[in-house]
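Novice: The following comprises the amino acid sequence and a computationally predicted model.
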Amino acid sequence: MEEVEKRYGVGYALAKKKENSFIQASLLNLAKERGIDLIKIDTERPLIDQGPFDCVLHKLYGDDWKKQLDDYSRKYPNVLIIDSPEAIQRLHNRISMLEAVSEIEFENESDSFGIPKQVLIYDVKKLLDCEEWGEVLNFPVIAKPLVADGSAKSHKMSLVYNNEGLNKLKPPIVLQQFVNHGGVIFKVYVVGKYVRCVKRKSLPDVSEEKLPSLQGSLSFSQVSNLTQSERSDDTYYKAMNLEDAEMPPQSLISDIACGLRRAMKLNLFNFDVIRDTRVGNRYLVIDINYFPGYAKMPGYEKVLTDFFCDVFNKKQAGSLDGQLGMNCEKEVRILVGNNGLVEDEGGLPVSTLKMEEENGNQIHV
Ligand SMILES: Nc1ncnc2c1ncn2[C@@H]1O[C@H](COP(=O)(O)OP(=O)(O)OP(=O)(O)O)[C@@H](O)[C@H]1O
Ligand SMILES: O=P(O)(O)O[C@H]1[C@H](OP(=O)(O)O)[C@@H](OP(=O)(O)O)[C@@H](O)[C@@H](O)[C@@H]1OP(=O)(O)O
Ligand SMILES: [Mg+2]
Ligand SMILES: [Mg+2]
């Protein structure tokens, strides 16, 4: 008798905008060819009445969705929820988000990494009382909403040059040291053990000489997500040349990616890194996002399909326990290049790195 190929169902629950960008025919077709069916979860109906799926992929907010996932896991203990809502939750707060960076164990002699100095401001009184935070931070600072819940409001930032610029801010906010970084940000996309680093344009440096002449503050939102035409209207960004920017060391990026994946127990995220121009070999993680815009990576279809195949192969081999293990494989492919949003160089693989990680007892994907 002919053996029937086993097929796997991945249910996805995404906001409309995300669904429109991520769920492309090219992804659906490639996954299908490899035995994986991506099936839309109807968020208007109870999750518990749908499927059962082998895996649930999701980016939705709120307690109701979390409860639905919990109930689903109870009913179908074998379903893989990628990723766990509890693990995703820490990325919804800009303090707990960056605490993950300090949980990375890491040895790298030539480069260092960390996060910018930052202070949590809950009320206007503390905000205007510069003595409260002035010992930690110097102007310019960036004010970021504490909550990162995917709303437009949560992306509204201000670059604050002086006391006058503080007046418009609405706590709770995180005041973060603005660090000159040459106008280039590195976005590192992680999909399980796969890591890709791309360059994007960022805020330009603020010179110490110019600082006294700058007025109040500058409001902005998702600068590194602007399209070419949106940006070219703005003289602000014209001076920067992305091609000239040197990439960060690959070993450093892969160490941080593996470390964050393990510390956060997340498989699908990206993080933003800047290089402190004053120090040169010091890198700072400034933001971590759950399930970012993968569709902007050329070839994302294969990356995601490989990831699903890995997960299901391991599941079939009985080496997954319903939770995805977080150890990095010894081989981590790092693709370094620009991505489609800016000047696209196709992101060809430049090296295969050997990692010194022991796999230990944990299961890994
Ligand atoms: N500490 C910092 N020093 C210098 N520039 C910074 C700093 N923090 C943020 N920026 C700039 O502000 C931009 C937005 O900050 P951040 O990434 O925290 O916001 P976000 O809205 O969460 O972004 P995303 O769209 O990636 O989710 C960064 O891409 C970078 O250009
Ligand atoms: O669509 P979403 O709401 O998930 O938007 C995410 C966006 O991806 P998109 O490109 O698909 O819009 C991401 O862009 P890149 O980092 O990949 O450039 C980043 O801005 C996230 O912070 C956003 O997530 P949020 O913080 O708002 O939850
Ligand atoms: Mg960011
Ligand atoms: Mg963000």
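Specialist: Great, that's in hand. Numbering: from 1, shown residues only. Ligands and ions are numbered 1, 2, ... in the order given.

Novice: near ligand 2, anything from the top helix by length along the chain?
Specialist: Ranked by number of residues, the top helix in the chain under DSSP state H is helix 300-316. No: using Cβ under 6 Å from any ligand atom, helix 300-316 stays clear of ligand 2, with a minimum separation of 10.5 Å. Glycine gets a C-beta too; all of them are placed from N, C-alpha and C.

Novice: Averaged pLDDT, that helix. What do you get?
Specialist: For helix 300-316, mean pLDDT is 94.

Novice: Counting neighbours, which bits of that helix end up buried?
Specialist: Neighbour counts over helix 300-316 (16 or more other Cβ atoms under 10 Å) mark 300-301, 303-308, 310-312, 314-315 as buried.

Novice: what do you get for stretch 212-227?
Specialist: 214, 216-218, 223-224, 226.

Novice: of all those, which two lie farthest apart?
Specialist: Farthest pair in these (Cβ to Cβ) is Gly216 and Ser224. Separation: 23.1 Å.

Novice: before we move on, back to that, adding distance to Asn163, write the buried residues of stretch 212-227 out as JSON lines.
Specialist: Shown next, in JSON lines, are these (distance: Cβ to Cβ, whole Å):
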{"residue": "Leu214", "distance to Asn163": "12"}
{"residue": "Gly216", "distance to Asn163": "9"}
{"residue": "Ser217", "distance to Asn163": "10"}
{"residue": "Leu218", "distance to Asn163": "15"}
{"residue": "Val223", "distance to Asn163": "24"}
{"residue": "Ser224", "distance to Asn163": "28"}
{"residue": "Leu226", "distance to Asn163": "29"}
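
Novice: which among those residues gets closest to ligand 3?
Specialist: Using Cβ to the ion, Ser224 is the member of those that lies nearest ligand 3, at 6.1 Å.

Novice: which bits of the stretch 251-365 of the chain sit near ligand 3?
Specialist: By Cβ under 5 Å from the ion, the residues of the stretch 251-365 of the chain that approach ligand 3 are 272, 287.

Novice: Most proximal residue of the stretch 251-365 of the chain with respect to ligand 2?
Specialist: Gly293 (2.3 Å; Cβ to the nearest ligand atom).

Novice: now the stretch 101-250 of the chain
Specialist: Closest point on the stretch 101-250 of the chain to ligand 2, by Cβ to the nearest ligand atom, is Gly150, at 3.1 Å.

Novice: How much space separates that residue from Cys130?
Specialist: 32 Å (Cβ to Cβ, to the nearest Å).

Novice: which intervals of this structure have sub-threshold pLDDT?
Specialist: Applying pLDDT under 70 to the chain flags residues 1-2, 108, 226-240, 319-365.

Novice: one more time with 50, if that's ok
Specialist: 322-323, 330-331, 339-365 (pLDDT under 50).

Novice: If the residue most central in space within it is in a bridge, with which residues?
Specialist: Centroid check for the chain by Cα atoms, centre = their mean gives Asn270 as the closest residue, at 2.2 Å. In this entry, Asn270 is beta-bridged to Tyr189, Asn289, by DSSP bridges.

Novice: That one contacts Lys187, correct?
Specialist: Yes: Asn270 is within contact range of Lys187, at 5.6 Å (criterion: Cβ atoms under 8 Å).

Novice: what sits in contact with each of those two?
Specialist: Counting by Cβ atoms under 8 Å, 6 or more residues apart in numbering, the shared contacts of Asn270 and Lys187 are Pro292.

Novice: Identify the residue nearest Leu38 in space, chain neighbours excluded?
Specialist: Val10 (5.1 Å; Cβ to Cβ, 6 or more residues apart in numbering).

Novice: State whether that neighbour is indeed within a strand.
Specialist: Yes: per DSSP: H, G, I helix; E, B strand; the rest coil, Val10 lies within a strand segment.

Novice: near ligand 2, which residues of the chain?
Specialist: 17-18, 21, 59, 148, 150, 187, 222, 225, 270, 289, 291-293, 296.

Novice: quick one: which of those sit in strands?
Specialist: Among the residues of the chain next to ligand 2, the residues falling in strands (DSSP state E) are 59, 187, 270, 289.

Novice: Need the max-distance pair from those.
Specialist: Comparing the members of these, the greatest separation, given Cβ to Cβ, is between Lys59 and Lys187, at 17.2 Å.

Novice: Between these two, which is the more surrounded one?
Specialist: More neighbours surround Lys187 than the other of Lys59 and Lys187, with 24 against 20 (other Cβ atoms under 10 Å).

Novice: The more buried one touches Ser224, doesn't it?
Specialist: Yes: Lys187 is within contact range of Ser224, at 6.8 Å (criterion: Cβ under 8 Å).

Novice: Can you check which residues contact both of these two?
Specialist: With Cβ under 8 Å, 6+ apart, Lys187 and Ser224 have common neighbours 200, 272.

Novice: any idea how far the closest residue to Asp255 other than its chain neighbours lies from ligand 3?
Specialist: For Asp255, ignoring the flanking residues on the chain, the nearest one in space by Cβ to Cβ, 6+ apart is Phe106 at 5.5 Å. Using Cβ to the ion, to the nearest Å, Phe106 is found at 22 Å from ligand 3.

Novice: Phe106 falls within a strand, correct?
Specialist: No: checked against three-state DSSP, Phe106 lies outside a strand; its state is coil.

Novice: start at 173 instead
Specialist: Fine by me, first position is 173 from now on; the one you just mentioned is Phe278.

Novice: Who are the contact partners of it?
Specialist: 285, 427-428, 431.

Novice: Show me this structure divided up by domain.
Specialist: According to the TED database, the chain comprises the domains 180-261, 266-462.
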